[in-house]
Structure formats: structure tokens, C-alpha cells
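> Let me see the structure of the following:
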Amino acid sequence: MTLRLRLLVVGAAAVATAAGAVDWTRLGLDFWNAPALRQQVRDNLRRQAELDDGLAQVIENNRARDRVLRDLRAGRLSVGEAAGWFYELGQDQPGFWTAHANTLRQEYPDLPDDERLCRHVTQLARQFEATGPETTGVHSPAAAEPARPRG
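Below you'll find the model as predicted:
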């Protein structure tokens, strides 16, 4: 065996040993795990679509709340009607609404739920009048149309 051939064999053995020692999964090159990775991508895309839908719902509901506050301030709705719209819009976001209802119970502990919501809407309308929709947490650049949230 010539020197060149020996070096080639030793080099090939060293490369093979090094290749076996590499953790291919850490490099993202795990061929055998491809089906699981494809499923994870599908799951992530599905979750992203759910989150996008949820965000679109929040934006739509905030625009509707903004219109409700504008109509309340303009005298086209009573506080009770505005609170009813806020309640209906909250039903589209059950996780948010549960947390929000708990916050209102802490803010107004001695009042029934409907009165708590009326107080909250009144507070938002005052903020809206004083500083605009940005400080109410309810903001829509296209909120000049009358309040008619989805129903």
C-alpha cells in the first residue's frame, strides 16, 4: 500500500468517525425525523391561522366598541345600550371577557355585573371625550360610521 493510499484510508476513517460523532438532529438534518417535522410545521401553520383569526376578531370588536363610544357621546345610545353592545362584543372573545369581567368585579366589588359594565362604559366614554380613543384601549382609524356592531 502506498503512502498516498494509506493517507486516504486514514483520512476516510477519520472523516467517518467524525461524521458519526456529529449530532445531526442538532443541525436540523435528521432525515428520519422528517415526518414529525412536517407535522410540526402543519400544526404551527394551523396555530398561526387561529391566532390571525383571533387578532382580526379583536380588531373588528375594537372598531365596533369605538363606534359605540362615539354614538354614546353623541347621544345616539344610552349607557345601558352601549353596555349591552360591549357585552355582546365580549361574547366573541370568551377568554378576554372572562378576565375583563373579573377585573370589573375587583374595580366595582359592590355592584351587580350589569351596573359594573355601565360604569366601565361611562369611564371609557369620559376618557374618549378627554383624550381620544387611543387612551381607552379601543381605537380605530375608521370609526366615524355609526355604531352597528355585528349582531
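
> what packs against the helix or strand hosting residue 36?
Using DSSP states H and E, residue 36 maps to helix 34-74. Under the contact definition 3 or more Cβ pairs under 8 Å, 6 or more residues apart in numbering; DSSP states H and E, helix 34-74 sits against helix 79-91, helix 113-131. The C-beta positions use only the backbone N, C-alpha and C, and glycine is treated the same way.

> and with 10 Å instead?
For helix 34-74, the elements it packs on are helix 79-91, helix 94-107, helix 113-131, judged by 3 or more Cβ pairs under 10 Å, 6 or more residues apart in numbering; DSSP states H and E.

> between that helix and helix 94-107, how many degrees?
50 degrees (axes from the mean of the first three to the mean of the last three Cα atoms, to 10 degrees).

> gap between helix 34-74 and the chain center?
Put simply, helix 34-74 sits 6 Å off its chain's centre (Cα atoms, centre = their mean, to the nearest Å).

> what's the angle between that helix and helix 79-91?
180 degrees.

> so where's this protein shaky on pLDDT?
1, 15-31, 132-151 (pLDDT under 70).

> ok, 90 please
1-38, 54, 57-58, 90-101, 128-151 (pLDDT under 90).

> ok, residue 110 - contacts?
Contacts for residue 110 (Cβ atoms under 10 Å, 6 or more residues apart in numbering) come out as residue 116.

> if we go to 8 Å?
Contacts for residue 110 (Cβ atoms under 8 Å, 6 or more residues apart in numbering) come out as none.

> So it, which state does it fall into?
Here residue 110 is coil, with the state taken from DSSP: H, G, I helix; E, B strand; the rest coil.

> Right, I'll leave it there.
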